[in-house]
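>>> Sequence plus predicted model, see below.
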There are 6 protein chains.
Amino acid sequence: MAKIITFGEVMLRLAPHGYYRLIQTDDLEATYGGAEANVAVSLANYGEDVAFVTKLPENLIGQAAVNSLRRYGVDTGKIVRGGERVGIYYMEKGASQRGSLVIYDRKYSAMQQAQSGDFDWKKIFRGAKWFHFTGITPALSPEVAKICLEACKAAKANKMMVSCDLNYRGKLWTKDAAKATMTKLLKYVDVVIANEDDCADVLGIKAANSDTTKGALDEKGYESVAKQVQKAFKLKMVAITLRTSISASDNKWAAMVYDGKQCYHSKEYLIHITDRVGGGDSFGAGLIYGLVHKFDAQKTLEFAVAASCLKQTIEGDYNQVSLDEVLKLAGGNASGRISR
Amino acid sequence: MAKIITFGEVMLRLAPHGYYRLIQTDDLEATYGGAEANVAVSLANYGEDVAFVTKLPENLIGQAAVNSLRRYGVDTGKIVRGGERVGIYYMEKGASQRGSLVIYDRKYSAMQQAQSGDFDWKKIFRGAKWFHFTGITPALSPEVAKICLEACKAAKANKMMVSCDLNYRGKLWTKDAAKATMTKLLKYVDVVIANEDDCADVLGIKAANSDTTKGALDEKGYESVAKQVQKAFKLKMVAITLRTSISASDNKWAAMVYDGKQCYHSKEYLIHITDRVGGGDSFGAGLIYGLVHKFDAQKTLEFAVAASCLKQTIEGDYNQVSLDEVLKLAGGNASGRISR
Amino acid sequence: MAKIITFGEVMLRLAPHGYYRLIQTDDLEATYGGAEANVAVSLANYGEDVAFVTKLPENLIGQAAVNSLRRYGVDTGKIVRGGERVGIYYMEKGASQRGSLVIYDRKYSAMQQAQSGDFDWKKIFRGAKWFHFTGITPALSPEVAKICLEACKAAKANKMMVSCDLNYRGKLWTKDAAKATMTKLLKYVDVVIANEDDCADVLGIKAANSDTTKGALDEKGYESVAKQVQKAFKLKMVAITLRTSISASDNKWAAMVYDGKQCYHSKEYLIHITDRVGGGDSFGAGLIYGLVHKFDAQKTLEFAVAASCLKQTIEGDYNQVSLDEVLKLAGGNASGRISR
Amino acid sequence: MAKIITFGEVMLRLAPHGYYRLIQTDDLEATYGGAEANVAVSLANYGEDVAFVTKLPENLIGQAAVNSLRRYGVDTGKIVRGGERVGIYYMEKGASQRGSLVIYDRKYSAMQQAQSGDFDWKKIFRGAKWFHFTGITPALSPEVAKICLEACKAAKANKMMVSCDLNYRGKLWTKDAAKATMTKLLKYVDVVIANEDDCADVLGIKAANSDTTKGALDEKGYESVAKQVQKAFKLKMVAITLRTSISASDNKWAAMVYDGKQCYHSKEYLIHITDRVGGGDSFGAGLIYGLVHKFDAQKTLEFAVAASCLKQTIEGDYNQVSLDEVLKLAGGNASGRISR
Amino acid sequence: MAKIITFGEVMLRLAPHGYYRLIQTDDLEATYGGAEANVAVSLANYGEDVAFVTKLPENLIGQAAVNSLRRYGVDTGKIVRGGERVGIYYMEKGASQRGSLVIYDRKYSAMQQAQSGDFDWKKIFRGAKWFHFTGITPALSPEVAKICLEACKAAKANKMMVSCDLNYRGKLWTKDAAKATMTKLLKYVDVVIANEDDCADVLGIKAANSDTTKGALDEKGYESVAKQVQKAFKLKMVAITLRTSISASDNKWAAMVYDGKQCYHSKEYLIHITDRVGGGDSFGAGLIYGLVHKFDAQKTLEFAVAASCLKQTIEGDYNQVSLDEVLKLAGGNASGRISR
Amino acid sequence: MAKIITFGEVMLRLAPHGYYRLIQTDDLEATYGGAEANVAVSLANYGEDVAFVTKLPENLIGQAAVNSLRRYGVDTGKIVRGGERVGIYYMEKGASQRGSLVIYDRKYSAMQQAQSGDFDWKKIFRGAKWFHFTGITPALSPEVAKICLEACKAAKANKMMVSCDLNYRGKLWTKDAAKATMTKLLKYVDVVIANEDDCADVLGIKAANSDTTKGALDEKGYESVAKQVQKAFKLKMVAITLRTSISASDNKWAAMVYDGKQCYHSKEYLIHITDRVGGGDSFGAGLIYGLVHKFDAQKTLEFAVAASCLKQTIEGDYNQVSLDEVLKLAGGNASGRISR
């Protein structure tokens, strides 16, 4: 009986080692990841009782995906087995002026072709307190969007908290489609997480003077965005991550939250990046952890930002850091000295 | 203007290194292969002017597939670019009593979704003398089967030789569907290549007393099969490869041909296997090479068997052996001594 | 509430890749293994509900050991955390006339220094039906031997079946010490598993005419050994594995069981070895599986031998084969052909 | 019939992985590279029809060099086969204050021992519009310098554009020898490419106040250098790359061109370096691309600088970037964000 | 007859490749290192005649440790063989805000359990001029501390110079224990090396206003520390390394020495770190080299700082740089340009 | 002062991993080897005091070659440094019917261009008892043949034993040239080692009925060959290794010696081969070891054959086995069982 449930797709991630390009190498690192799976692993690493729900085929690749999750302590007992294929994403790590590259090969995956009847939410949610999904899940197909809605309704019926990371993916759906669907889902959501662009892309709510391709962000402008979003959906909390991309190798990273009363701003980290994929997911997991453990808003925010800063020093989608490591960084020790 | 044209699908082949299983490893070898692509690479390695025709998406994975072919000298200028994904097959190498394992993830590939209008066979065949495909290509979809038929007709109109490896794949279509389609195509074919089971599976023509799962083959029985097949389709040649599987590590390997007049039997090799995938394809390429170069039937057969024996000592789908190496083995030097 | 409980030590296994020696390489494969952990993973791979009990330190190496087990579905919730170090064994794979080499660095491990109070057997055994350990566990220290005795008594009090693989390790204790301790423990045991030497080494019960260093075994002689052992400890079953070492690369492998009434002999496999470590453990797991599922004696034996034959084609200590794969081989399909 | 022809040596490049030193490792990455081959691959990656001309031995190493080029679409049909060995360079990647290290083992290579009669320039240049070589080629031997001269004359006779990267290599010849030979060759050249030091080293034409080992460059001083060089050889264009070496890990990178009328300066990039070898070659290829496609001088320059900035984020000698990627960076998007 | 003798423990260092965490990988890099062994390798790389003294078990792991030293020219003929195990340390490289992580598994090692009678210092020191150890050696056990004292006395009796790096390791002993032991040993020492914290941790002598976890160091404050230490033990030289940890990826690095008369400050390097472990040891080796070769104080200091700057660009514990490379950097060439 | 001196060339050996071909891979294993260096390493591994003499350039590759030897305890203090390059050999491991492939790139190496004045044999041989070289050394150049002759004369003047492995290499010289030179050198030789073909190739002395490419050897015929050779050069011992090449994967291996009085035949091993290169060298080293330690002829022979059998289970040129391991196998324990 897991306390926290996340729902989405976990994909096989195929990536060249180091900074090689896909056309240069005969060797691919094969790990697994996906927004909601990443959140689940983060929470399991902090010692939370968390289950990830998805659909995976009954072959060795599906099994390897399951194994990647239970290896890190995620409850995989609620995963539905069936369908034909595990979705794939090819990932090339960028460096300096060369951006990272993602090629999706996720269509027709078991999860993308899941049917409403595959998931018995009442049973899945037994004993659970928190439900998390992201905007990627309903983008997979209209049927999966419908499943998301059923899950949200069941979660609220079960008096659970619901969080959603907007996570707009232009390769999966249009902004209009996203808006139509997400507007419906957000009625059941308590906590919204977004990056600088998501609120504009998904909800049409914009911050003034922000052009993220120029790497110039007006942090203040996000306060108004957060307030608009909170108001529109009567949310308990809106959190926005703020990335300033100096280059593919070096990013600034911060975040803010608005709790309906006040805006809080985190400290900003200058990160020399190992792997930035999953940065937002690890922020979401940190936020959920803080809220579940009744941290105050500032501490919750600093915990989430520190967690996601550390993620970007970790290879792969999953955030492999412990509670102690996050608390230590959130507490201010960023010198990176060795203890021995 | 390539002399030989092969047509089919080339897939990304994802395989653990050595004898690891797919659920044990985070590292996959990413190479490319597919029956007709394998034939093309073999022929290019012998110095033939050969083009491979397929459809591949316009992304880095599609490009890597193209690069894998032109690296070894195959003309890729006739490949159509478009569609969504490169087909994949996961491959686990067996050892001793544990058989090799193949998981297909090739549905919805660019090639599987190719349309008749994608290929202008008249243009493709300009200056060509030989067309080769296998039973896998028409199994991809009814539309691709139709394209195959168009290609066969165009080839005959262009006075080309046509060869076909029956290559039955039970994961792609039923025996009935195979029979219906292949019977139509074989009308245009001059040379048929098959393994021990293909003639029964695809054409319903059986050798007495053969149960390949028991590893016991009655070589004599295949003479009657070859004769039946030759007669049914008025073929110039029928070739049958004969594998005796002692274990996943050790196989016996031989072949026979029937040229409408006489049956020829090759010597038999005891192979300590490095990678058996592509063994049949390298046999087909050897057969084509011998016929193109007017070797007599026995020499053609020995060349093809030696080539495919060597293939099974090579990693990956593509047969990386030179003309000299095949001729040397076919000529009887199998001692494996070092020259220095 | 796991149905089957195994108890022992899991070690970090450090091995050069392929056939390199420890003094040739800067790269070690770091996996985990140990007799009872190996049994647990095998059973989990067959879908059994199994927990592994041990003591591991609270650092990343201890955590990696836990992760290696839960990755494959073993319940690690009963593992005690504490102590200083994870035991290590260095492993060099042999080839042809060069035997494999094991160097133990397992002294002072958390498990070796475990205390009786660390384990609450009544709680651990709640709902369990089967308890398995091997002769390695009591060899770790007199205190651990005492814990084993407590576990055995608790298991019998809980009406569980108890199985024990004699697994004599000359590097851990003397034959006399082994005999004294094991004789006490075997009073609580229902099923004994042994290799050709164990009965003589541990219990002083010998087969005539067997000198295992010469690779010559008199299978008939083992019938009398099995009968003597069964009688001495009033066992439900005695199982003896029979390895004929042609070389480090090729072994013959078979087994026999005696159920108090009759001796059963398995078929013999000629194995081209990938990794022989864990062969005996996978036999034990197969035997337990067969007994739990009420297979008859012959089928139980064939299942266990097929499982352990397959293990020796698998890299690492853990047997990564599925129920279907074992059943298929036990059912007689050993040709190693690809299904595609 | 390739449009662009480059001529020089391609070497086997043996490099430790990552930042290991040659005396630390048993594993070398084996790729291929050389100034003019690098230019050819860049141009092929942009879709240009380009052939690389060289001499390579008829063994597997020579073949692997050929394959490395045709893999990326370079026409290798004009490569002469013969001679004894493939030249080698050992390459150790530097980091921070430790500079990269190159050890040449290129003497006696097939190309260094090429004879005038090996190359039929009239035939090679049939249908070609552009010829490119660098100062490394004539430095290989007096005979190869003579071949260069023959090529230049044939190119001009064929009304082709000729470009030359001065590329002074102190390990191959003296400054005096370079000056004597290059002065003769430059009479046939239309476009000269140089780095900060080349004009001084090869032609004795200096910029004031520049000591490149101090990392301090006076960009303005290069304008006078460019003008002197243009005037001396009546060139259509002189291009100078400007590297400021903060450390082996971080460089500033810019360039300027002078077209006989005006000096143009590019934007400057701060590059976190993956592999700087081939930076100048990718600049040259970018320049040729811009000139062939009639970009104006500023756009040509920005394209070439962006291309060579990206190269330094790529492993190996060959610049593995697409036309789109260069255009995007030259167009101003340097944020390195992921598109997904 | 080695001129310089260093004494301590060499451990097996197990580290994930690149920036992977210990719980993410199945592949560990297995090299060897330890403070005094690192000093010996550095000196051997500069061409010094140096022997490393320790105790190592007579198995393949002990042999691999010996081999790692003699590979780089260290005299291993004085190493005592015996004992049970080679000490281990697990090492995870940090990145950006994530610090490096060291897990010791060195207890019960052959060296930690060495006995006074194992070492015949009179014989070991025959012909030697310099003895070096660090604070780690006496921290291993009271018996080893006693051996250290014997060695110090024998060295002084042999009129050798004695140097000691304080190297406080909180995981090995308390500050009080360190102070009691080190105070006794320092009576025999001529040259003390310390980092920012060591003087306070080991000797209770503090610099004002320094909190190293905040990354803020007052360089001036160290002058008083150095003077106090020099005075307390009548030393010929006190050297203090000064690290400013911007992040785990980027550090500032400098040092100072006090020779009883004057303080000297080195230039400061900004290092993009490859592997910082062994930085202090390579500083010590550089200092010894300068003093042995009668460099003046400033040149000795700059040599030592340049050497240790370069070390931090090298993978592994051992500093793989040549005399020429250190002299070049100490002489001011830090541009990291390639020579070719 | 080494007791045994071997003299020849050590090369960089570049080999694909596993069974990949040179044209398939971007990764080469870089180790070192050469007939006489291999003998030296074998003897050092048995605890002998042995020096290897050669000439190597003063760069990192030359240093890495030195390091590879001293790593395993060979005295490298007599190696002359100078010249331009380290010789290279590319090595592709064969499998089954595909033979191993060697490509030499050793011309112009420092050793091949060594001059008579480079070696002061009187000094080198001070205190030495045994000198060993092979037919490869004089084949490098007439000058090196002259140096060999000088060494042989100096060795005899110093009352040393001299052994020579004929080691005919058709890629280095003709049979006539070999005969002319070797006949002169063998006057100073006491022990000759040869394989099945060497005596015929080098000395024109043939065994009846042996065609090694057919894998059929008449062991008896070699007795007459050995006797003829012994008589011709008044040798103390002639040893002939006898390889029956079943395939590249499986060989039979035996040897015989004739001591002027009697022929001794060894047992024959069936070897499943890991790497056969260096098999003959490890036989030579075993023979020298036996003779130095006054084993009787049969024991010497069995030791040498067991050593070289084990070598063929070891990766790389150098035989990484201990004295104990050879003695154990020579003593009859070939079961390859694990000791634990």
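Arrived safely, thanks for sending.

>>> How many neighbouring residues does A:Glu29 have?
A:Glu29 sits with 18 neighbouring residues when counted by other Cβ atoms under 10 Å in any protein chain shown. (Glycine included, C-beta is placed from N, CA and C.)

>>> Let me see the backbone angles for it.
Backbone torsions for A:Glu29, taken as degrees, to the nearest 10, come to phi -80, psi 130.

>>> The one 10 residues further on now?
Dihedral angles phi and psi of A:Val39 (degrees, to the nearest 10) take the values phi -60, psi -40.

>>> Find the helix or strand that the closest residue to it other than its chain neighbours is a member of.
Residue nearest to A:Val39 in three dimensions, not counting chain neighbours: A:Ala285, with 4.5 Å by Cβ to Cβ, 6 or more residues apart in numbering or on different chains. Applying DSSP states H and E as the criterion places A:Ala285 in helix A:279-292.

>>> any idea how far that helix is from the chain center?
Distance, stretch centre to chain centre, for helix A:279-292: 8 Å (Cα atoms, centre = their mean, to the nearest Å).

>>> So the residue nearest to A:Val39 sits against A:Ser42, correct?
Yes: using Cβ atoms under 8 Å, A:Ala285 is in contact with A:Ser42, at 3.3 Å.

>>> which residues are common contacts for the two?
Residues touching both A:Ala285 and A:Ser42 (Cβ atoms under 8 Å, 6 or more residues apart in numbering or on different chains): A:Ala307, A:Asn319.

>>> Out of the two, name the residue with the larger neighbour count.
Counted by other Cβ under 10 Å, A:Ala285 and A:Ser42 do not tie: A:Ala285 has more neighbours, with 36 against 31.

>>> State the distance from that one to chain F.
A:Ala285 is 37 Å from chain F, where distance means Cβ to the nearest Cβ, to the nearest Å.

>>> Kindly report the same for A:Ala139.
38 Å.

>>> if I pick that residue, what's in contact with it?
Contacts of A:Ala139 by Cβ under 8 Å, 6+ apart are A:Ala145, A:Arg169, A:Leu172, A:Trp173, A:Ala177, A:Ala178, A:Thr181.

>>> quick revisit: got the contact list for the residue nearest to A:Val39?
A:Ala285 makes contacts with A:Asn38, A:Val39, A:Ala40, A:Ser42, A:Leu43, A:Tyr46, A:Ala304, A:Ala307, A:Asn319, as judged by Cβ under 8 Å, 6+ apart.

>>> how close does it sit to A:Leu242?
For A:Ala285, the distance to A:Leu242 equals 18 Å [Cβ to Cβ, to the nearest Å].

>>> And A:Gln112, by the same measure?
31 Å.

>>> next one: A:Val225
Plainly put, A:Val225 is 11 Å away from A:Leu242 if you go by Cβ to Cβ.

>>> Between those two, tell me which one has more neighbours.
With neighbours defined as other Cβ under 10 Å, A:Val225 and A:Leu242 compare such that A:Val225 has more, 24 against 21.

>>> what residues are up against that one?
Shown in contact with A:Val225 (Cβ under 8 Å, 6+ apart): A:Cys199, A:Ala200, A:Ile205, A:Lys206, A:Ala207, A:Ile240.

>>> Give me the number of neighbouring residues for the third one.
It stands for A:Ile205. For A:Ile205, the tally of surrounding residues (other Cβ under 10 Å) stands at 18.

>>> how near is the residue lying closest to A:Arg106 once chain neighbours are set aside to F:Ala307?
Excluding its sequence neighbours, the residue lying closest to A:Arg106 (Cβ to Cβ, 6+ apart) is A:Gly87, at 3.3 Å. A:Gly87 sits 55 Å away from F:Ala307, going by Cβ to Cβ.

>>> Of the two, give the one with the bigger neighbour count.
Between A:Gly87 and F:Ala307, counting by other Cβ under 10 Å, F:Ala307 is the more crowded of the two (29 against 23).

>>> so that one touches F:Ile288, yeah?
No: F:Ala307 is not in contact with F:Ile288 according to Cβ under 8 Å; the separation is 10.4 Å.

>>> From the contacts of A:Ala285, pick the one nearest A:Gly62.
For the contacts of A:Ala285, the residue nearest A:Gly62 by Cβ to Cβ is A:Ala40; the value is 16.7 Å.

>>> Nothing else from me, thank you.
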